[in-house]
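1. Quick one, structure for this:
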Amino acid sequence: MAATVLLTGFEPFDGRADNPSIEAVRTLARSWTGPERLVVAELPVAYTRAGERLAELLASADPALALGVGLATGRRLLSVERLAVNLCDARIPDNDGHQPDAAPVTPGGPTALWSTLPVKRMVAAADEAGCPAELSMTAGTFVCNAVFYQLAGWAQGGRRRAGFVHVPDSRTLAIDRVATGLGAALRTALAHTADLHQPAGAVS
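-> Now for the predicted structure:
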């Protein structure tokens, strides 16, 4: 039986009419040739409801791999995230008007959790596919990070894998190009468990 992959993007927020994350995910899904079965879902940009919806999706789809995708308007490259932190600290309110200040994603949970995907390989694959990409050490502290932290916690134990990718605004990088990069990164994540052994950290 073919493996199931859960792909999530987000609804618009902060006054936007669109969200390139869900647009890129849907574009990728339309061109996906398998053999894996893709389950695509749009999450609310709301801490509580996003967590509840994600838990429902993970339980119903029972994916072998889950990849969250979100929008980072200040970035110019596709950013493969390495680390999720147990912190909700919102510069703007979420779509339910909630604006946490230094609250945990999971009370009593680990300070941080790693992606369980081969993040360096994914960056290289996206680059090779013509979508400029980078390795990111922070997914922020808004809803994207909370979803990433939940995914990383779900993937602990080794049987399942999960990660997160931030995409730039579509005015910076076209949706089709982002979808191509996402597809290359996802295929690489499905094909490899071990990551590349090469330096890729940040100096500052």
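2. Which positions in the helix or strand harbouring residue 123 come out as buried?
-> Using DSSP states H and E, the element containing residue 123 is helix 119-128. Within helix 119-128, the residues scored as buried using 16 or more other Cβ atoms under 10 Å are 119-127. (Glycine included, C-beta is placed from N, CA and C.)
3. Tell me which helix or strand residue 53 sits in.
-> Assigned by DSSP H and E, residue 53 falls in helix 47-61.
4. follow-up on the earlier one: and the next element down the chain from the helix holding residue 123?
-> Sequence-wise, the next helix or strand downstream of helix 119-128 (DSSP H and E) is strand 133-136.
5. can you tell me the average pLDDT over whichever helix or strand comes after that next one?
-> Following strand 133-136 in sequence order, the next helix or strand is helix 143-154 (DSSP H and E). For helix 143-154, the mean per-residue pLDDT is 99.
6. Could you check stretch 161-175 and say which residues are buried?
-> In stretch 161-175, counting by 16+ other Cβ under 10 Å, buried: 161-170, 173, 175.
7. out of those residues, which are inside helices?
-> residue 175 (DSSP state H).
8. Would you format the buried residues of stretch 161-175 as a markdown table with pLDDT included?
-> Shown next, in a markdown table, are the buried residues of stretch 161-175 (pLDDT from 0 to 100):
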| residue | pLDDT |
| --- | --- |
| 161 | 98 |
| 162 | 98 |
| 163 | 98 |
| 164 | 99 |
| 165 | 99 |
| 166 | 98 |
| 167 | 97 |
| 168 | 94 |
| 169 | 91 |
| 170 | 84 |
| 173 | 89 |
| 175 | 95 |
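9. Which single one of the buried residues of stretch 161-175 is nearest to residue 58?
-> residue 162 (9.0 Å; Cβ to Cβ).
10. correct me, but that closest one touches residue 116?
-> Yes: with contact defined as Cβ atoms under 8 Å, residue 162 counts as touching residue 116 (5.9 Å).
11. got any residues that touch both of these two?
-> 152, 155 (Cβ atoms under 8 Å, 6 or more residues apart in numbering).
12. quick one on the thing from earlier: and the helix holding residue 123, what other elements does it pack with?
-> strand 78-81, strand 133-136, strand 161-167, helix 175-191 (3 or more Cβ pairs under 8 Å, 6 or more residues apart in numbering; DSSP states H and E).
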